[in-house]
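Visitor: need a 3D model of the following:
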Amino acid sequence: MSPEYGMQGQFSIKSDVFSFGVLLLEIVTGKKNSSFYQSEHKEDLLTYAWRRWNEGRDWELVDPVLGEGFTRDEVRRCIHIGLLCVQDDVADRPTMATVLVMLNSNTVSTLELPSRPGFFAHNEMR
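Guide: Numbering: from 1, shown residues only. The predicted structure is shown next:
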């Protein structure tokens, strides 16, 4: 659920973008956001993904069940796009049309750098 809807009951065309970003991160990691906090990580999926991506450890996010049918760049691009979609500020999220263009791109170097995602958990346990 997007922050603006969860906190203020406001819905926009970018609320779906937020949900898509969560779904994309769930697919890559093989973990559900709704039950992620109860796992051994003690942080939500968005926080976990952000930390790994920000530390350059994004490859650790990939669910082994996905196998080897993709390149590292493809996975990094999906994680990067997922993080762009879950930005707290609606204005910082791309539109779905832009997401489609990004998904069809072959590079991550032209993508904006995401900020910490919405509902970032400030958990000091690492």
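
Visitor: ok, and the closest non-adjacent residue to Gly21?
Guide: Setting aside the residues directly before and after it, Gly21 is nearest to Cys85 in space (CB to CB, 6 or more residues apart in numbering), at 2.5 Å. Where C-beta positions appear, they are placed from N, C-alpha and C, glycine not excepted.

Visitor: look at that neighbour and report its pLDDT.
Guide: On the pLDDT scale, Cys85 is placed at 93.

Visitor: isn't it right up against Val99?
Guide: Yes: with contacts counted by CB atoms under 8 Å, Cys85 reaches Val99, the gap being 6.6 Å.

Visitor: and for these two, which residues touch both?
Guide: The contact sets of Cys85 and Val99 overlap at 17, 20 (CB atoms under 8 Å, 6 or more residues apart in numbering).

Visitor: more neighbours: which of the two?
Guide: Neighbour tally, Cys85 and Val99, criterion other CB atoms under 10 Å: the higher count belongs to Cys85, 28 against 19.

Visitor: and the gap between that one and Pro64?
Guide: As judged by CB to CB, to the nearest Å, Cys85 and Pro64 stand 24 Å apart.
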